[in-house]
Structures are given as C-alpha cells and as structure tokens.
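Participant: coordinates only, sequence not included:
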C-alpha cells in the first residue's frame, strides 16, 4: 500500500476508499463499484495496481474492443477461470456465463480469494445491447458468488446508466499543484532537482491551458527538458538564473504546443543527409497548401463560392452585364453575418458547373474525367454530397475552410475575396 | 512466353495487364504485330519500374528507418503520415513496394493494407487487419522453418481473426523466431519486428470506426508492436479533422512527404518516353493531350502510362506486320528488316512519307527499283530507318541542348520542362516562333561565367550521348567556341572615353541632352571580344545548329512507322459522360452489331430489342413519375404485338418487365417513389442531351 501511495501521489483518498471495500481478506465484496472521471486521471491504472497488491484475481476487459458478445464473454471466462481451460465450451450468452461460473463455484474454485471483473470504458457496452450493463451490475446476485465483484470504469457519470452501483468513486482531475507533484516522479537523471522543479512550473504554466491530459503533458514536458538545459550546457546562463531560462525556453514550449494536438514529432533527430526533404517536413505552412489538378482547383473554388454566396447574387458576380445594382440596405448586412455563422449551404451540381465555367478562362469540355474530379473532391472530404436524390443533379456542400481555398486560389492567381459577398 | 527473348538478360515480370490478351475472344496473341508490341511494351514496363523505384527510394528508406525505430513510449502508437498527393490510383504501387521492402528487410511480422471500402464497421476492420497480418507472415515464411506452420496454415476463419488470437500468435512467433541459427545471420542488434498497419486512403475512412480502431490497438500497444502508416492525400489537418483528441494523443505522428506528382511525371517522361532509345515517339499533339489530361485532371502517372499503352497497341494493330518489325530498338533493326516480306514492302510503299521519298528521287532507275525490286527496297528501308534513328538521336540531343540554354532564363519563354520543349519542337518549327527569338535576345545578355557554364554543360550532354558519332562536328565547334570564350576578355576593344562623359555634357535643353546621350550610346556600342565571341556562339547555336537538328523528324521518310499519332485517342482515353450508355440502350444495334435491331429513326422501338432497351425507350417518353401499369401495358403491346385486357398479360411478359425495371433501377434511371402508389420516379432528364 505504501509503495502504491508513493507511485501515485495525490490519490490517497481514492486508494483508501478502494481499500475499504475490497481488501485481501474480505469475503463479502460489494456487488458493483462504479469509477468515473476524466481521461488520464489514473482510473484504470490505479484500480488494477491496487487490486493486484490486494491479491485479487483481476479479469480486465476493455469494452471498446468487444464488438461482439462472443469476444466479451470469451475474455471474461479465460481470465476468471484460468485454471480449467475448456476450449470446446462455447459461451454465447449471459446465462451460459452464469452457468459456467456456478459450475466453477460448486467446484470451489472461486471462493478462495477476491475475484474482480474490471470493465473499462463501460459506455461502449451499449453497442452490444441495452441491458448489458444491468446484467453485470447483477452478476453477484445471479451467480451467488460473493467473492466476485464488478468494477465499472467510465468517463461518463453513473447517472447516465440505468444501474445503482453499490459504490461510486470519482477520480477528480489533477490541479496544478498535483501535476507538479506528479511530474517530480519523472525527473530525468541529468537534471538537478531544483532546476527541474523550476522547469516544471514554467512548462505547466504554458501547457495547462491547452491540455489536462496527463500522458500528453508528460510527453510535452519531457521532450523539452533538453531545451531548458541547453543554455546552461552552453554556458550562456547559470542554473540560478530562472528568469533568463524562462525567457529562453518559453518560445520552444509554445512551438511544441502548436503541434500538441497533432503530436507531430520534431524532426531534429533524423539524419541530415536529405536536407531538401527535411525542410519540407518542418514547415507546416507549406504542408497546409496542397496540390490539386488544375480543374479540381477550380471546382473547389467554385464549390466554396457556391456554398458561401447566395444564388441570387450569382448573376451580379459572374455575369458581365448584370444590370443595375440596387442600393444595399442595412438589414442585409446583419442578415449576411448570421448566414455566415450557419456554415456552408448546399448547392446543386448545375450551379457548381455554371460557376466553374464562369470563373475559368479557358473552355473544358464536360467529360467523364471532369465529372470524376468532383467525385474525387468528395472522396477527399473537401466537398460533401448531400442526400441521394436524382443522379442528374446531386447536391453538394463545401467543407473546406476559407484559408485552404484561398491558398488554392492564390496558386491560380485567383482572388477569392473579390468574389465573396459579405 | 517468348517475350523474354530480349537483348537484356534478367528477370522478367509479366504483370497481369499483358495476360488478358490471351483469354480475350479476339485472339491476336499470335499475330505478328502483337509480338512486336509486346516486346516493346515489356521493355517499357521494366524501365518504368526502375524509374519509379528510384523516385520513391528515399521515401521508402525513411519509412523503413522510422518503422525500425524502437517505440519511444509504451502508451502511444508510432504513426507515419505520408503526404502522398491526390493521385490516388498510383498509391497502390507505393504501398505495395513499401510492403515488399519491409518484408525483405525483415522489419515486420506482417503488413496489413487496409482500404476504406473494406472497413465499414469496426468488426470488419479488425478482422481484415488481423487476417492480413497473420496471413502475410505465412507467405513470407514459406521458405523458413517455423514450428507452428501446420497450425496457422489452416485457413483462417473470420471468427478467429480477433485481437486476442493475434496476441497469441504473436507470442508464439516471438518465442520461436530467434532460433540460434537465424540470430547469427542477422546482425546482433537487429531491431524489434513490428506489425505494420497501412491505411491507404485515410480521408475516406469512417471517422467513428477509425477512432475506435486506434483506441483498441493502443490498448494492445504494450504487447503488440503496432505501427501505423497513414496515406494522406490532402494535408495533415485531415488527421485532426477526422480523429478526436482522445485518439490523437494515442498516436505519435511523424510526417513524410512523397515527391509531388508532377515530379513523377517529368521523371518518367524524361527517362522513359522522351529518349532516343524509346523505339516509338509520340507525336506532339498526342503528347500534349496526355500531359494535359495529367495536369488538368488527375495527376495520375498510372493513367498516363495506360493511355500511352493504348496508343502503342493501336499503332501496332493498324500498322500490322511492317510496324511490328520495324518499330523496335535500334540494335534489332537489321535483323528485323531482313524478315520483311513482299506484302510488308508493298504496305511500306503506301506510307505517305515513303511515297514522297520515292517521288523525290531523281534517278529514274532507282525510283523504278524502289517500286519493283523487293530486295533493293529492303536495303533502302533499312538505310532509311537507320537514318531516321540517327535523326531522332540528333533531335533529342539538340532538344536537350536547347533545354539547357533556355530553361533557366527569366520567365522561361519556351517553358521550363523538357516536355514543353518537345511538344513545341514536334508540332512546328520551333526556331520560327516568337518565344525562340525572345530567348535568343535574353541569351545575349548572359555574363561570361554563365555562358561558359552553359557551354560546358552542353558539352557534357553531348559527351553523354550513347552514339558517339552523333553531333560530332557540333561538339568540336562548341569546343572551339569554349576556347575562344575563355580567352576573350571583357574589356572594350575600342578605347572608350576613360574620363567621365558627364564633364563635357554641357547641354542647354532637353532635346540636346537626348541627342547627346544617343551619341554616347552609339559610341560605346563598340564590342568587347567576349561580346563578339558570345554573339558568334549564339549565332552558331541558335541560328544554324539548332534549326538544322530540330527539324521535326515527322517529315523524314518512314517516320510514320515510329510516331504514334492516334487521332481517335481523345475519345478512347477520355470517354464522354452517359452518352455511350444512352446509345447502347437507345440503339442496341450500335454495339451488338445485329441486323434485327437496326432502327431508322431515333424513337423507333422494335420488339427484337433486349427488354431493357424497350423499357428504357418507353421511359424516355414519360414524365417525372411513371405509372407502372401503363408502362407494363405498353411493354406488353410492343412485345406481343396485341393489346391486352386487364389481367390477361402473360406471367412471362410480366416477369420480363419486372426484371427490366429492376435493371433500370440498378442502373440508376428510376427509383420507387413515395409520393404516389404504383409509380416510380425518373431520375434523369433528356438522356440524349449529354
């Protein structure tokens, strides 16, 4: 227990609660335990580690991977009843499981020590049927094995499920102080304690706004330790000069934060034999603009214009003699702002083609190749097809962002802004 | 297969593309032209393979490195995101090569290539992935001794393809594979083998399935060394759009960039098609058409090659035996020419350029001989073909010289790529164009260093020619010019006023100033030796040499034999929309070529037509909603020839009608309507308009 407390700081309360309900000698376990909390707060890890230390037999099942009943039950059986492997026994239903457990009980194999069935990500059990979770909640009652308990672990609060677990445990999110304490555990050997705690407080200040995910933060923090040490190693700063170090490391931290959500590994560690490849990898901006065939580019632009301009303006935008321009009244402006917030509107193939030909200078004959461009844009999720109505005139929506389309437009020398009315 | 009787010895790959010829009903594999075609095409396929290998070599090396790296953290799955560009059809070969390479280097236990089409649900995804991982190992281990062979070689059932089974399998494999004998073979520090999961078209995967899949695999990461390879067609941001944050944190991504597709094209063209070694040459128009399809439509080198393949086939088919024999690599020309027979020579005599050549021969006797004497003609043909080859050689050499000169000019009036130059030079006399003149002018401003560099590079190009006799005199001329350039100083020849001219620039008004300046300008126009040498060089290269060598060889006698100019290609390679379907259904005789269905006018319906056609033509006459009963009545009337009362339509006709309507529905012309009972909705309008 002490070692557990040491390796999992800031979780004393939860561990104690677990200890109350399930411990080594207990002969009567609670029917079910429900543990909930945000991702990466240690629910699964702490539960399993504790149960191990308490000498319980754990059957751990991650419900996310149980897309069929068979998988779920097979896993449970193989872990709960490891001593008598019965490869020929088919276990397809809950009652078969109950039967098998009862059989095992009558042989006296389940009574010796606590048996715990841990169901992780229990919200995914819904895919197997509505009442799945109710069965597990009543497993003890059905099998009459009192040394068997079920622990549900979920991100969702228990009230969302139709069960009344005997015990509900909440794992709260770590706050900043707790995180500091936790990261002390991961101190690399080459950095002094004081320097490391300084570094952690600096790094946490940057990262805590972006993410609370412990694993992600750990990666970010440990990746940047060397950056923090760099000025000291080069002799530009001393270990005591916290302010200077802070100033030097913050840009690095912010940069790695930018890619935090993509988790793109930094490229510095690869060999420099292929410089031309490397430069292309690092610059994110370059990767943002991508290459499309000539006509596909125009289709994308036409799709964007069709989605964000209302059809009544088309005549004005794309025809040379569009007649008189009426005065704009104020109401229109406020209206267009709200329509913009509504996102892209759908348009028909006709309109797309009309705009396409209007913005293209040269003529392209309408062939299969041209039409397949639209299909490939849909495939790439730049356009979205709506409904499955008439094949003659399907409807689309443009899913690309303004920046993306504007970048594509600039490669053609096409000023997208000029054609947008808002 | 006798196609391996090529000059080069080695392994010959016979891709599936060449095989269907055998089974096709129009069996032409024995015909003489087909032999010639096949030899040439096999050669091209080999070259394409090596070129592609070279291009993606770097990428594959990087990927293999990445995959062999030990995973840094136990909680995340390493994932390589390859930005492949949108030429999706070409990706198959890229991933195929990746798989082959990984297997070859022994970096993996197995590779699973997943298509989004196979992965509609999480169950399918896992089954497909596990099955491929477990199977791929059986294949690769065929020659190795593995204990569990008997256990695994039994066909995998779908229900067995689960991750727990994979885990078991992996454990078995791990325990048995480091047998002592194998350890010695490999280096002691061989990296841990991985399980590679390749998602070919990442964008089209179902987001929900994907996130579940990643979360499931990450649960096994501590026991199973998974590595993801994601093929991304657009940008990296596609990943964040598709996956939720909880999944992204489980991947440690690294981006790789494949070469842009235009680079692929240029490389393929320059190394395979636009060389004098290539036995056939594409006409300017055709070539431009294909490159345009590539640049404007699909970015797919694969389709480009297929288009060219079609044209070659057509060329050989229409050219028959003489083309099959003569359109071949240069070293086989002599042997093949001997095989020409009387009919072949007759066919050759009808070729336009050869006719012209005969007409233009002065000597009456020779002309007669060319028309009558076969053995003489045969020799003449061989002579002409060799001359043509030489001319093609020179053409390409001159083209690369010109390319060297003009590709780096500001704004590149003649284009930056060799292919652009080729199109120009093939379709017209390039030296008469405005752009050529502009280039000449721009070249006149080059500094000495730049020009010397150009000349040296040009000499290198000539040096690299396979045929040493080709352009020999050009080489010597260029060498002379180079020597002259080296010697020439940049100082002016005539003594220019050393003192600043501004001193005696005493002018009173603007007109006077202008005049003075003009005079000054004229005075300094005297040239330095360098400038003189430069002009001489450029006059020679741009004025004499290039125009002579760059004459399109399409005018040379027998050029038709080696140039592809398929005029119909446009419609064959880039088909029209819907029109073929409409023709097929409206006028089945067009494709069936039967006498019974010939129609005199468009709207005519004959009972002998297939049921589907009758139903289709009837539906063309109706409005947006079609009454099924009326439709059936008119169908019955047409088929049986008599009007039926209610209920008296024979079951046979009803069945035929039902079948035809369901086929229509399958083709997407109608669908059942909810608006009105017993009606179907038409989905197309005016099928004849497109």
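Facilitator: Ah, there it is. Note that the structure is predicted; figures quoted are calculated from it, not measured.
Participant: For the stretch 251-400 of chain A, which segments are assigned as helices?
Facilitator: Here the stretch 251-400 of chain A has its helices, by DSSP state H, counting those that start in this stretch, at A:275-282, A:284-288, A:294-308, A:314-318, A:330-341, A:349-359, A:368-379.
Participant: can you check the stretch 201-350 of chain B too?
Facilitator: Going by DSSP H, counting those that start in this stretch, the stretch 201-350 of chain B shows helices at B:207-219, B:237-242, B:245-248, B:261-268, B:284-292, B:301-326, B:333-338, B:342-349.
Participant: Ok, which of those comes nearest chain A?
Facilitator: helix B:207-219 (4.3 Å; Cβ to the nearest Cβ). C-betas here are computed from N, CA, C, even on glycine.
Participant: mind checking how far that closest one is from the chain centre?
Facilitator: Offset of helix B:207-219 from its chain centre (Cα atoms, centre = their mean, to the nearest Å): 36 Å.
Participant: Name the residues of that helix that come out as buried.
Facilitator: B:209-219 (16 or more other Cβ atoms under 10 Å in any protein chain shown).
Participant: ok, which of the residues you listed also contact chain A?
Facilitator: B:212, B:215-216, B:219 (Cβ under 8 Å from any Cβ of the partner chain).
Participant: remind me which residues of the stretch 201-350 of chain A are low pLDDT?
Facilitator: For the stretch 201-350 of chain A, residues meeting the criterion pLDDT under 70 lie at A:258-290, A:320-340.
Participant: Hmm, I typed the wrong one, I wanted the stretch 51-200 of chain A.
Facilitator: Scanning the stretch 51-200 of chain A for pLDDT under 70 picks out A:83-89.
Participant: Tell me where it has strands.
Facilitator: Secondary structure of the stretch 51-200 of chain A (DSSP state E, counting those that start in this stretch): strands at A:57-62, A:115-120, A:148-154, A:167-171.
Participant: Looking at those, which one is packed in the most?
Facilitator: strand A:148-154 (a mean of 25; mean count of other Cβ atoms under 10 Å in any protein chain shown).
Participant: residues in contact with the nearest residue to residue A:105 once chain neighbours are set aside?
Facilitator: The shortest distance from residue A:105 to any non-neighbouring residue, by Cβ to Cβ, 6 or more residues apart in numbering or on different chains, is to residue A:145 (5.2 Å). Residue A:145 makes contact with A:101-102, A:105, A:110-111, A:115 under the criterion Cβ atoms under 8 Å, 6 or more residues apart in numbering or on different chains.
Participant: for the ones next to chain A among the buried residues of helix B:207-219, which one is nearest residue B:192?
Facilitator: Ranked by distance to residue B:192 (Cβ to Cβ), these are led by residue B:219 at 19.2 Å.
Participant: nearest spatial neighbour of that closest one, skipping sequence neighbours?
Facilitator: residue A:62 (5.1 Å).
Participant: correct me, but the one you found touches residue A:121?
Facilitator: Yes: with contact defined as Cβ atoms under 8 Å, residue A:62 reaches residue A:121; the gap is 5.9 Å.
Participant: export the strands of the stretch 51-200 of chain A to a markdown table and tack on distance to residue B:117?
Facilitator: Output for the strands of the stretch 51-200 of chain A, formatted as a markdown table (distance: least, Cβ to Cβ, whole Å):
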| stretch | distance to residue B:117 |
| --- | --- |
| strand A:57-62 | 27 |
| strand A:115-120 | 31 |
| strand A:148-154 | 33 |
| strand A:167-171 | 41 |
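Participant: before we move on, back to that, would you check the ones next to chain A among the buried residues of helix B:207-219 and say which has the weakest pLDDT?
Facilitator: Ranked by pLDDT, those bottom out at residue B:219 (81).
Participant: in stretch B:442-459, what counts as buried?
Facilitator: Taking 16+ other Cβ under 10 Å as the criterion, stretch B:442-459 shows B:442-443, B:446, B:448, B:451, B:454-455, B:458-459 as buried.
Participant: what domains does the record give for chain A?
Facilitator: A:2-171, A:176-285, A:289-322+A:330-419 (automatic domain parsing).
Participant: List the single closest residue to the residue in the stretch 151-300 of chain A positioned nearest to chain B in space, sequence neighbours excluded.
Facilitator: Closest contact between the stretch 151-300 of chain A and chain B, by Cβ to the nearest Cβ, is at residue A:294 (4.3 Å). Counting by Cβ to Cβ, 6+ apart, residue A:294 lies nearest to residue B:296, which is 4.3 Å off, once chain neighbours are set aside.
Participant: pretty sure the one you found is touching residue A:293, no?
Facilitator: Yes: using Cβ under 8 Å, residue B:296 is in contact with residue A:293, at 5.8 Å.
Participant: quick one: which of these two has more around it?
Facilitator: residue A:293 (22 against 19; other Cβ atoms under 10 Å in any protein chain shown).
Participant: Now distance to residue B:364 too, for the domains of chain A, in JSON lines please.
Facilitator: Shown next, in JSON lines, are the domains of chain A (distance: least, Cβ to Cβ, whole Å):
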{"stretch": "domain A:2-171", "distance to residue B:364": "89"}
{"stretch": "domain A:176-285", "distance to residue B:364": "65"}
{"stretch": "domain A:289-322+A:330-419", "distance to residue B:364": "52"}
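Participant: Among those, which comes closest to residue B:250?
Facilitator: Nearest of these (Cβ to Cβ): domain A:176-285, 8.5 Å.
Participant: re earlier: and which of the buried residues of helix B:207-219 is nearest residue A:244?
Facilitator: The closest of the buried residues of helix B:207-219, once distances to residue A:244 are taken by Cβ to Cβ, is residue B:218, at 39.7 Å.
Participant: Mind pulling the model confidence for that closest one?
Facilitator: 83.
Participant: of all the contacts of residue A:145, which two lie farthest apart?
Facilitator: Taking Cβ to Cβ, no two of the contacts of residue A:145 sit farther apart than A:102 and A:115, at 13.6 Å.
Participant: I'd like to know how far the residue nearest to residue A:105 sits from residue A:55.
Facilitator: 17 Å (Cβ to Cβ, to the nearest Å).
Participant: May I have the distance across stretch A:412-421, first residue to last?
Facilitator: Start-to-end span of stretch A:412-421 (Cα to Cα, to the nearest Å) is 20 Å.
Participant: what residues does it touch?
Facilitator: A:294, A:297-298, A:301, A:304-305, A:308-310, A:313, A:317, A:336, A:359, A:402, A:405-406, A:409.
Participant: again, but for stretch B:401-417
Facilitator: B:266, B:418, B:420-421, B:424-425, B:430, B:435-436, B:438-439, B:442-443, B:454, B:457-458, B:461-462, B:541-542, B:546, B:550.
Participant: And it, what's buried?
Facilitator: B:401-406, B:409, B:413-415, B:417.
Participant: what do you get for stretch B:347-359?
Facilitator: Those would be B:347-348, B:351, B:353-354, B:357-358, for stretch B:347-359 by 16+ other Cβ under 10 Å.
Participant: Done for today, thanks.
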